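Asks: Need coordinates for the below:
(one chain, ligands or ions: 1)
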Amino acid sequence: MIHTTNLTFQYDKAGEIFNFPDMHINNNESVIILGESGIGKTTLLQILALLLTPKKGSIIIDDIELLSFSEKQKDKYRKDNIGIVFQKPLFFKSLTLLENIQAKLLFSKTPYNALEIDKILTDLNILPYKHKKVTALSEGQKQRAGIALAIINKPSIILADEPTSNLDDVNAKRVISLLKGAAAINNSHLILVTHDKRIIPEFENIVAL
Ligand SMILES: Nc1ncnc2c1ncn2[C@@H]1O[C@H](COP(=O)(O)OP(=O)(O)OP(=O)(O)O)[C@@H](O)[C@H]1O
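Replies: As a prediction, the model looks like this:
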């Protein structure tokens, strides 16, 4: 269960203050966060990912208040529990897609399972690019490679920032189905921010900013 209350954030002292709505997300639930450009969707996702610290408020996950953690504890919690699909994926640029996945598995101490990797890459429609350098992938292929990296170690929380923005209708559908499937299999929470209207019908729980 994820429960957030009174989350308030400000980038700098004279800047805008963001007051985010409270959220209550049960296990196995997927949530889509909607709002116009600049409203603070990515900011909220980064707070949930423990990458930004709010001025006020709390984030309780499975009865643990995460904002009381030290930076070191936050880093460990993020590494062990949170899969982040960034708007612009972070890769080791000199490595192939498969080598990036291997690095992630090593870093998160997750066993290597070749069949499982191929299954995820197939579901994302990027298996043929497994041995290609990530820099040689198209923007849409990179976006899907970023999704593979985010879910490969079965995180209990998947946070996705505009995961379908560069994708055509077919691949957008594949990505949403994979993210929802990964969340269901791993009993994870899926929280997705977007302004992609195509994917709204796929979600029952909507938070509007
Ligand atoms: N590092 C930063 N320092 C100062 N202001 C920032 C910073 N990052 C974002 N902002 C501002 O905070 C506001 C919210 O940004 P955010 O990226 O969260 O919006 P968003 O809803 O995700 O937008 P989009 O849909 O366009 O990605 C914007 O006005 C943005 O300019």
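Asks: what does the average pLDDT come to for the helix or strand that contains Leu159?
Replies: Taking DSSP states H and E as the definition, Leu159 sits inside strand 157-161. Summarised as a single mean, pLDDT over strand 157-161 is 95.
Asks: Who are the packing partners of the following helix or strand past it?
Replies: Moving toward the C-terminus from strand 157-161, the next helix or strand (DSSP H and E) is helix 169-185. Packing partners of helix 169-185 (3 or more Cβ pairs under 8 Å, 6 or more residues apart in numbering; DSSP states H and E): helix 114-123, helix 139-151, strand 157-161, strand 189-194. All C-beta atoms are positioned from the backbone trio N, CA, C, and that covers glycine.
Asks: Quick check: residues of the chain near the ligand?
Replies: Proximity of the chain to the ligand is confined to Tyr11, Gly35, Ser37, Gly38, Ile39, Gly40, Lys41, Thr42, Thr43, His195 under the rule Cβ under 6 Å from any ligand atom.
Asks: Counting only helices, which of those residues make the cut?
Replies: Lys41, Thr42, Thr43 (DSSP state H).
Asks: and those as a markdown table, adding pLDDT?
Replies: Formatted as a markdown table, those follow (pLDDT from 0 to 100):
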| residue | pLDDT |
| --- | --- |
| Lys41 | 94 |
| Thr42 | 94 |
| Thr43 | 96 |
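Asks: Mind checking which of the residues you listed are buried?
Replies: Among those, the ones that count as buried by 16 or more other Cβ atoms under 10 Å are Lys41, Thr42, Thr43.
Asks: from those residues, which is closest to Ile60?
Replies: Thr43 (19.5 Å; Cβ to Cβ).
Asks: Just to check, that closest one is in contact with Thr53?
Replies: No - in this structure Thr43 lies outside contact range of Thr53 using Cβ atoms under 8 Å: 11.5 Å.
Asks: got the angle for the worst-scoring helix or strand of the chain on mean pLDDT vs helix 114-123?
Replies: Lowest by mean pLDDT, DSSP states H and E among the helices and strands of the chain is helix 169-185, with a mean of 88. Interaxial angle of helix 169-185 relative to helix 114-123 (axes from the mean of the first three to the mean of the last three Cα atoms, to 10 degrees): 140 degrees.
Asks: Could you pull up the residues touching the residue nearest the centre of the chain?
Replies: Most central in the chain under Cα atoms, centre = their mean is Leu159, positioned 2.5 Å from the mean C-alpha point. Counting by Cβ atoms under 8 Å, 6 or more residues apart in numbering, Leu159 touches Leu45, Leu48, Ala49, Ile82, Gly83, Ile84, Val85, Ile191, Leu192.
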